[in-house]
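> Let's see this in three dimensions:
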Amino acid sequence: MLFKIVIPARFGSSRLPGKPLLTINDKPMIWHVYQQALLTGIDANSIVIATDNDEIYRVAQDFGAQVIMTEISHESGTDRLAEVVTKLNWADSDIVVNVQGDEPMIPPALILQTAELLEKDLTAGISTLGSPITNLADALNQNVVKIVCNHNMQAMYFSRAAIPFDRDGELELTVDNLGKSNTPYLRHIGMYGYRVETLKKLTLLPMASIEKLEKLEQLRALYNGINISVGIVSEAPVHGVDTQADLDRVRVAFSALTSK
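Coordinates of the predicted model:
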């Protein structure tokens with residue numbers, strides 16, 4: 001399957017500045033993300049690192065990646081992607097997957113699945129992933145974003161609330177039995193695929209009222225009638241690196257893998 005991958009690698013993280021350059025097993029984090037992208041099997045010329053920092057640019061060039069400098073003022077990775085597809089003049093029908101530069105353990109299979117969703121669902125402009133929530137704490141956690149889908153497995157809504165809401169208590173949810181039931185709760189995994197035409201359109205749209213309330217950028221697409229195809233994975237992947245604790249955890253995980 002033919003598709004593109006863009007890896008946004010921003011320097012100015014508030015919680016962990018310069019994190020794409022922080023090392024894991026003596027290699028910068030961005031190198032590890034790039035390796036996962038290569039494992040999808042697509043041509044290296046279809047993988048682009050997009051950064052706003054000269055040092056990240058140099059490091060990416062040194063390990064052989066295609067890298068492009070983008071504006072420092074972008075408010076989101078989506079805006080950075082739109083600049084890349086415009087500068088590289090990719091066709092409106094091209095599929096591009098956004099792989100975050102702080103996801104050194106992202107499974108290549110999830111990248112492929114995200115692209116395949118758009119190849120199969122021609123009515124969707126965006127694709128993303130979800131996994132079943134099997135514990136009550138996650139269902140109630142506002143930091144765990146939930147998805148409700150229609151019968152075509154397209155997103156109807158994303159929310160920080162526990163949706164769908166069990167009004168009559170029919171599920172009798174407890175910490176013990178949610179995982180054993182046919183859970184109605186679907187956790188959003190923040191992997192996105194876009195048709196280039198949709199990506200360009202999305203970045204020109206104003207922020208939607210529901211997006212402002214929930215602080216969820218994907219709601220802008222739904223508010224404006226853009227279909228989002230959702231694929232299911234059995235388990236959520238390992239969380240990316242946002243903090244020093246995350247980095248320490250990933251370093252331990254990589255050390256364990258290399259010691260086997």
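
> Please identify the buried residues of stretch 36-56?
For stretch 36-56, burial by neighbour count (16 or more other CB atoms under 10 Å) applies to 36-37, 40, 42, 46-53, 56. Heads up, the C-betas are built off the backbone N, CA and C, glycines and all.

> swap that for stretch 232-249, sorry
233, 236-237, 240-241, 246-247.

> Look up how far Arg220 lies from Leu204.
Using CB to CB, to the nearest Å, Leu204 is found at 11 Å from Arg220.

> quick one: which of these two has more around it?
Arg220 (19 against 7; other CB atoms under 10 Å).

> what does the model give the more buried one for pLDDT?
The per-residue pLDDT reported for Arg220 equals 96.

> Wait, Tyr192 touches Thr114, no?
Yes - between Tyr192 and Thr114 there is a contact under CB atoms under 8 Å: 7.0 Å.

> overlap in contacts of these two?
97, 127-128 (CB atoms under 8 Å, 6 or more residues apart in numbering).

> And stretch 218-233, end to end?
19 Å (CA to CA, to the nearest Å).

> List the buried residues in that stretch.
Quick answer for stretch 218-233 (16+ other CB under 10 Å): 218-222, 226-231, 233.

> I would like the residues contacting the strand or helix carrying Ser229, please.
Following DSSP states H and E, one finds Ser229 within strand 228-232. For strand 228-232, the external contacting residues (CB under 8 Å, 6+ apart) are 113-114, 116-118, 120-121, 124-132, 147, 149, 153-155, 186, 218, 221-222.

> Next SSE downstream of that strand?
With DSSP H and E, the next secondary element past strand 228-232 is helix 244-259.

> so what does that next one touch, helix or strand wise?
Packed against helix 244-259, as judged by 3 or more CB pairs under 8 Å, 6 or more residues apart in numbering; DSSP states H and E, are the following elements: strand 23-24.
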